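with the sequence up front, the predicted model follows.
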Amino acid sequence: MNASASSWSPRSWREFPAGQQPDWPDEGAFEAVLKQMSTMPPLVFAGEARALTQTLGQVAEGEAFLLQAGDCAESFDAFGADAIRDKLKVILQMAVVLTYSSGVPTVKVGRIAGQFAKPRSSPTETIGELTLPSFRGHLVNDIMPTAAARVPDPNRLLQAYHQSTSTLNLLRAFTKGGYADLHQVHTWNQEFVASSNEGQRYERVADEIDRALRFMKACGVDTATQPNLHEVDFYTSHEALVLGYEEALTRQDSLTGDWYDCSAHMIWIGERTREIDGAHIEFFSGVRNPIGCKLGPTATAEEAVELCERLNPERIPGRLTFITRMGADKVEAALPALLAGVRDAGHPVVWACDPMHGNTITATGGQKTRRFDDILAEIAGFFSAHDAEGTWPGGVHVELTGDDVTECLGGAEAILDADLGSRYETMCDPRLNGRQSIDLAFAVAELLRD
Ligand code: PEP
Ligand code: CO
């Protein structure tokens, strides 16, 4: 795929400096787990990843919109069918609103079934008197504030693999078994609109969707018997941070001979591990999945173009998604140069807005939080930058849960600083709760219509 392609292999990343890798206490035990995992069935198939690349290619061309959403960090403890169902439900509800208002299909990609590893800004954290190794996600260690819990344990890779398989199995059942029926999802949205004062602001959009559905029905289109209205394609993604885990799940496709990281349909590189000469870029350059790369406010247009050359030299639309996470106060100054640089270099990319990671603040009570209004403001800035540069604002990437948590401030329910303590459950970053997420989709719908 590139100049160094002849020397690429699933393990060639080991020759490059790799940031954010755990210090496994016993390298032999870690390698033994990787060996075991490398014989296990893939979670996804190459053909599915290819289908997602093609669909994202439509996003790159301005003919579809991407909704990528889910947990900041999935948990081994909060693992159950209800939580998976409720997260999917919220994403489906958001997608219907976005599809209606953008007038193009919404590509649905979860941060789910593999989102278990977290990059950290410091290798240690101090809790009270104790300085401990940082929590790096359930793929690596446990969040309990004891020295023993924080020791990286390679057996967690196997647990993450198994949890991902069951999660994916349930998602496949829900999305192909009638749960995603358009009529049903719309009914949930109507319930949202009817059940809160803020929601009533969105009555007009909900009524318009309702009329469109009634019109379709009158024309003889029945959602229950139309596969494309009764089922949806739902894809999985995560930050491919711990490269041993990704290497062990990388397989050569028997049809094409290409390599795919079969841990998820799409994988992305975080803001902290996107050095052009680093191990993550090396690994990602050789797998054929659709891939993402975060870009923060310090990224330059030259860096962005260099990433395009290295990660998508064949300029395949849908192969590369740039997920920008600038912060509401920086997006309008920082984003246009990146859009113009990549556009002028002729590289097809999907541009998605992550309005979460540039807008994290500390609440009075000490919790990490985000304001709903900042999140919406970054999305608005993202749209106006694209408008100015003549590029397509291809999608949004958000951290959410279907649960009724109190982690982000504001939104339909007006969660206040003082409310954060009541149901603050995230293991890492603050997530939008179910109602805040749907509220966001309706608010974005209003932006799209303007
Ligand atoms: C994340 O997506 O959870 C994350 C850590 O983001 P970033 O790499 O943009 O900081
Ligand atoms: Co996060």
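Perfect, I can see it now. Ligands and ions are numbered 1, 2, ... in the order given.

endpoints of stretch 426-444, how far apart?
For stretch 426-444, the first-to-last residue distance is 24 Å (C-alpha to C-alpha, to the nearest Å).

near ligand 2, anything from that stretch?
Yes - applying C-beta under 5 Å from the ion, one finds stretch 426-444 in contact with ligand 2 at D429. Heads up, the C-betas are built off the backbone N, CA and C, glycines and all.

around whichever residue of the stretch 201-350 of the chain sits closest to ligand 1, how many other residues sit close by?
Closest to ligand 1 within the stretch 201-350 of the chain is G270: 3.1 Å, counting by C-beta to the nearest ligand atom. G270 is surrounded by 22 other residues when neighbours are defined as other C-beta atoms under 10 Å.

now do the contacts for A337.
Residues in contact with A337 (C-beta atoms under 8 Å, 6 or more residues apart in numbering) are T300, A301.

quick one: buried residues of the strand or helix carrying it?
Under the criterion DSSP states H and E, the helix or strand holding A337 is helix 331-344. By 16 or more other C-beta atoms under 10 Å, the buried positions in helix 331-344 come out as V331, E332, A334, L335, P336, A337, L338, L339, A340, G341, V342, R343.

return the closest of those residues with respect to K368.
Ranked by distance to K368 (C-beta to C-beta), the buried residues of helix 331-344 are led by V331 at 20.2 Å.

for the protein, which residues are neighbours of ligand 2?
For the chain, the residues in contact with ligand 2 under the definition C-beta under 5 Å from the ion are C72, D429.

which stretches of the chain form helices?
For the chain, the helices identified by DSSP state H occupy 27-37, 46-60, 81-102, 155-176, 182-194, 203-218, 227-230, 243-248, 279-286, 301-311, 331-344, 372-389, 434-449, in order along the chain.

for E74, which of these is the nearest?
helix 155-176 (7.4 Å).

mind giving me the packing neighbours of the closest one?
The helices and strands touching helix 155-176, judged by 3 or more C-beta pairs under 8 Å, 6 or more residues apart in numbering; DSSP states H and E, are helix 27-37, helix 81-102, strand 234-239, helix 243-248.

quick one: it to helix 81-102, angle?
Angular relation of helix 155-176 and helix 81-102 on a 0 to 180 degree scale: 50 degrees, by axes from the mean of the first three to the mean of the last three C-alpha atoms, to 10 degrees.

which stretches of this structure have low pLDDT?
By pLDDT under 70, the low-scoring segments of the chain are 1-5.

list the buried residues of stretch 382-399.
Judged by neighbour count (16+ other C-beta under 10 Å), stretch 382-399 contains these buried residues: 382-386, 389, 391-399.

pull the most distant pair out of those.
Farthest-apart pair in these is E389 and E399; separation 26.5 Å (C-beta to C-beta).

which bits of the stretch 351-450 of the chain sit near ligand 1?
Along the stretch 351-450 of the chain, the residues adjacent to ligand 1 under the rule C-beta under 6 Å from any ligand atom are H357, D429.

what sits against G292?
By C-beta under 8 Å, 6+ apart, the contact list for G292 reads Q68, S237, M266, I267, W268, I269, L320, T321, F322, I323, A352, H397.

now, those that are in strands?
Among those, the residues falling in strands (DSSP state E) are Q68, S237, M266, I267, W268, I269, L320, T321, F322, I323, A352, H397.

hey, what's the fourth one bridged with?
I267 has the following beta-bridge partners by DSSP bridges: H238, I291.

distance from stretch 239-250 to the middle of the chain?
Distance of stretch 239-250 from the chain centroid (C-alpha atoms, centre = their mean, to the nearest Å) equals 17 Å.

burial of the residue nearest to E425 when sequence neighbours are not counted, as a residue count?
If the residues on either side of it in the chain are set aside, E425 comes closest to V405, at 5.1 Å by C-beta to C-beta, 6 or more residues apart in numbering. Residues near V405, counting by other C-beta under 10 Å, number 21.

please apply the same query to the one 5 residues further on.
The tally of other residues near G410 (other C-beta under 10 Å) stands at 19.

tell me how far the nearest residue to it once chain neighbours are set aside lies from L432.
For G410, the nearest residue in space outside its immediate sequence neighbours is F372; the separation is 3.4 Å by C-beta to C-beta, 6+ apart. Noted for F372: a distance of 8 Å to L432, by C-beta to C-beta, to the nearest Å.

now swap in G390 and tell me
For G390, the distance to L432 (C-beta to C-beta) stands at 30 Å.

ok, W259 next?
From W259 over to L432 the distance is 35 Å, taken as C-beta to C-beta.

so these two - more neighbours on which side?
Between W259 and L432, L432 has the larger neighbour count (other C-beta under 10 Å), namely 26 against 19.

which residues does that one contact?
By C-beta under 8 Å, 6+ apart, the neighbours of L432 are F372, I375, V398, E399, L400, T401, E407, C408, G411, L440.

and it, bridged to which residues?
When bridges are taken as DSSP bridges, the partners of L432 come out as L400.

isn't S285 right up against C308?
No - in this structure, S285 sits apart from C308 without contact. The criterion is C-beta atoms under 8 Å, and the distance is 11.6 Å.

what parts of the chain come near ligand 1?
Applying the criterion C-beta under 6 Å from any ligand atom, the portion of the chain that neighbours ligand 1 consists of C72, P119, E239, G270, E271, R272, K294, R325, H357, D429.

I'd like these written out as CSV, with distance to A418 added.
Listed next are the residues of the chain next to ligand 1 as CSV, based on distance: C-beta to C-beta, whole Å:
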residue, distance to A418
C72, 23
P119, 31
E239, 32
G270, 32
E271, 31
R272, 33
K294, 32
R325, 28
H357, 25
D429, 20
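
just these: which are in strands?
Checked against DSSP E, the residues of the chain next to ligand 1 include these in strands: E239, K294.

so which of the residues of the chain next to ligand 1 wins on neighbours?
Comparing these on neighbour count, E239 comes out first with 27 neighbours (neighbours: other C-beta under 10 Å).
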